[in-house]
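J.: here's my sequence, what's the structure:
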Amino acid sequence: MKITLYPILSSLHDAKTIDEQTFSLIDELKAEEDFDISVTSIDRLYSGDLALILVQSGGSEGVFLKLLPKLKPPFYLLTYGTNNSLAASMEILSYLKSKGHRAEILHGSTKYIANRLNELGAKIQEPPVNLGVIGKPSDWLIASRVDRKACREKLNVRLVDIDIKELELLARAGDLADFRHSEPLIFEETELRQAEKVVVALEKIVDKYHLQGLTLRCFDLLGDLHTTGCLGLSLLNKRRLIGTCEGDVPAMLSMYLLNQITGQPGFQANPSRIDAETNRIVFAHCTLPLDMATSHRLMTHYESGIGVGIRGQMRETDVTVFKLSPDLRTFYAEEGRILRNLNEPNLCRTQIEVQMDDVKYFLTSPLGNHHVIVYGQHKKALQEYCANHL
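T.: Alright, predicted model coming up:
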């Protein structure tokens with residue numbers, strides 16, 4: 001791995017002495033790992049695999065600010081244990097984070113820094129993950145427009161825009177999924193057949209665009225195909241391919257991140273009712289992944305009364321509720337417990353009541369409407385990941 005390094009230094013310090021420390025640090029890192037490290041000019045900083053800013057001394061914060069227009073995120077600040085290098089790096093890091101940039105201080109033992117450089121190098125060389133956006137986000141998701149540049153920089157995700165007309169053409173001409181169900185249907189068999197065509201169309205789009213997940217502007221299907229995408233999205237998630245509805249990109253990214261950390265499918269749901277006195281909240285939606293259900297029944301989609309929605313019974317156990325902000329700078333992660341499944345006529349088909357420690361977030365500062373729920377306690381793992389990547 002070729003690592004390029006640009007040093008910054010306050011004019012108050014002795015450059016000769018600090019340069020000797022710089023080359024000593026480089027030699028130690030080379031001895032720890034077979035790195036190709038070179039000190040370079042600012043114009044050549046991004047000519048290698050990984051670019052570092054070496055903060056050589058305290059008082060170099062102003063030097064960094066003047067340099068910033070020539071730099072590219074993410075920012076990796078290599079520091080000494082002397083000359084107030086770490087203190088200056090912390091001030092710079094705080095500034096970068098306040099501007100929404102991904103940045104990190106590389107500090108500690110030579111072995112730790114070398115291991116972290118290897119991790120960063122491996123991540124940089126990873127190909128991006130393709131997540132599809134079929135149609136634009138639904139018109140009512142006015143607080144859910146995502147920062148696409150941040151998707152690539154922070155999550156290594158490339159958003160692939162796909163015209164919803166392509167899905168509709170595939171569904172009209174497509175094959176049936178032959179979805180097997182044990183419970184008797186409470187609607188016409190033709191509704192299931194039409195939903196199966198959407199299942200197959202989604203699978204074909206996943207293969208064509210090499211997607212690891214997608215979000216679908218599903219309400220458009222009500223008029224054009226007279227069906228819904230609920231069954232298709234449920235089955236995608238069962239296969240560990242991300243599927244979210246209403247074109248909600250932040251929900252899709254939240255579900256993707258949860259899947260990466262926990263290896264589990266997630267349930268995208270609306271907070272439907274909140275009791276602030278008991279800290280209980282009801283979540284509901286029609287796209288529950290089938291393997292999250294202890295049992296399920298196929299019903300129509302709630303709002304439209306057509307298509308196929310999932311009424312699933314979920315385990316009464318610990319869960320984690322998670323959501324990334326649209327700009328990928330903040331997140332919500334809290335644990336709770338499913339108290340019971342509900343069966344109310346005026347809510348989306350799968351309905352759960354969850355006991356939380358505090359529900360005020362949902363009433364005062366929610367990160368949009370949809371949140372993603374997974375089984376288990378994963379708050380700490382999510383906090384650690386987000387602290388390093390957002």
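J.: element containing residue 95?
T.: Take DSSP states H and E as the rule and residue 95 turns out to sit in helix 85-98.
J.: how about that helix: buried residues?
T.: By neighbour count with 16 or more other CB atoms under 10 Å, helix 85-98 contains the buried residues 85, 86, 88, 89, 90, 91, 92, 93, 96. Every residue, glycine included, has its C-beta placed from N, CA and C.
J.: which ones are touching the most centrally placed residue in the chain?
T.: Compute the mean C-alpha point of the chain, and by CA atoms, centre = their mean the closest residue is residue 253, 3.3 Å away. With contacts taken as CB atoms under 8 Å, 6 or more residues apart in numbering, residue 253 has the following neighbours: 131, 146, 151, 155, 157, 324, 328.
J.: shouldn't the last one be within a helix?
T.: No. Assessed with DSSP: H, G, I helix; E, B strand; the rest coil, residue 328 is coil; it does not lie in a helix.
J.: buried ones in stretch 147-166, by neighbour count?
T.: For stretch 147-166, using 16+ other CB under 10 Å, the buried residues are 147, 150, 151, 153, 154, 155, 157, 159, 160, 162, 164, 166.
J.: where does residue 358 fall, secondary structure wise?
T.: Counting by DSSP H and E, residue 358 is part of no helix or strand.
J.: quick check: the residue lying closest to residue 2 once chain neighbours are set aside vs residue 38, distance?
T.: Distance criterion CB to CB, 6 or more residues apart in numbering; nearest residue to residue 2, sequence neighbours excluded, is residue 48 at 3.7 Å. Plainly put, residue 48 is 8 Å away from residue 38 if you go by CB to CB, to the nearest Å.
J.: could you look up the SS state of residue 105?
T.: strand.
J.: one more: residue 355?
T.: Here residue 355 takes the strand state, with states given by three-state DSSP.
J.: go on, residue 165?
T.: Each residue gets one of three states, and residue 165 gets helix by three-state DSSP.
J.: and the pLDDT for it?
T.: Per-residue confidence for residue 165 comes out at a pLDDT of 93.
J.: residues contacting the nearest residue to residue 290 once chain neighbours are set aside?
T.: Of all residues beyond its chain neighbours, the one nearest residue 290 is residue 238 (5.2 Å), with distances taken as CB to CB, 6+ apart. With contacts defined as CB under 8 Å, 6+ apart, the neighbours of residue 238 are 265, 289, 290, 291.
J.: got phi/psi on the nearest residue to the last one once chain neighbours are set aside?
T.: In space, residue 291 comes closest to residue 238 once its chain neighbours are excluded; the distance is 5.0 Å by CB to CB, 6+ apart. Phi and psi for residue 238, reported as degrees, to the nearest 10, are phi -60, psi -30.
J.: hmm, back to that, which elements pack onto the helix holding residue 95?
T.: strand 50-55, helix 61-67, strand 75-79, strand 103-106 (3 or more CB pairs under 8 Å, 6 or more residues apart in numbering; DSSP states H and E).
J.: most packed of those?
T.: Across those, the average number of neighbours (mean count of other CB atoms under 10 Å) peaks for strand 50-55, which reaches a mean of 24.
J.: sheet partners, orientation included, of it?
T.: For strand 50-55, the paired strands and their directions (DSSP bridges) read strand 2-8 (parallel), strand 75-79 (parallel).
J.: in CSV, list these along with distance to residue 109 and mean pLDDT.
T.: Output for the strands paired with strand 50-55, formatted as CSV (distance: least, CB to CB, whole Å; pLDDT from 0 to 100):
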stretch, distance to residue 109, mean pLDDT
strand 2-8, 18, 91
strand 75-79, 12, 94
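J.: all helices for the stretch 151-300 of the chain, in order.
T.: Counting by DSSP state H, counting those that start in this stretch, the segments of the stretch 151-300 of the chain that form helices are 164-173, 189-209, 220-224, 230-238, 249-262.
J.: and the shortest one, C-alpha only, in PDB?
T.: Listed next in PDB are the C-alpha coordinates belonging to helix 220-224 (Å, rounded to 0.1, in the frame of the first residue of the first chain):
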ATOM      1  CA  ASP A 220     -47.000   4.500  -7.700                       C
ATOM      2  CA  LEU A 221     -47.700   0.800  -8.300                       C
ATOM      3  CA  LEU A 222     -51.200   1.200  -6.900                       C
ATOM      4  CA  GLY A 223     -52.400   3.000 -10.000                       C
ATOM      5  CA  ASP A 224     -50.100   1.600 -12.700                       C
END
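J.: show me what it is in contact with.
T.: Outside helix 220-224, the residues within contact range by CB under 8 Å, 6+ apart are 135, 164, 167-168, 171, 198, 227-229, 301, 304, 306-307.
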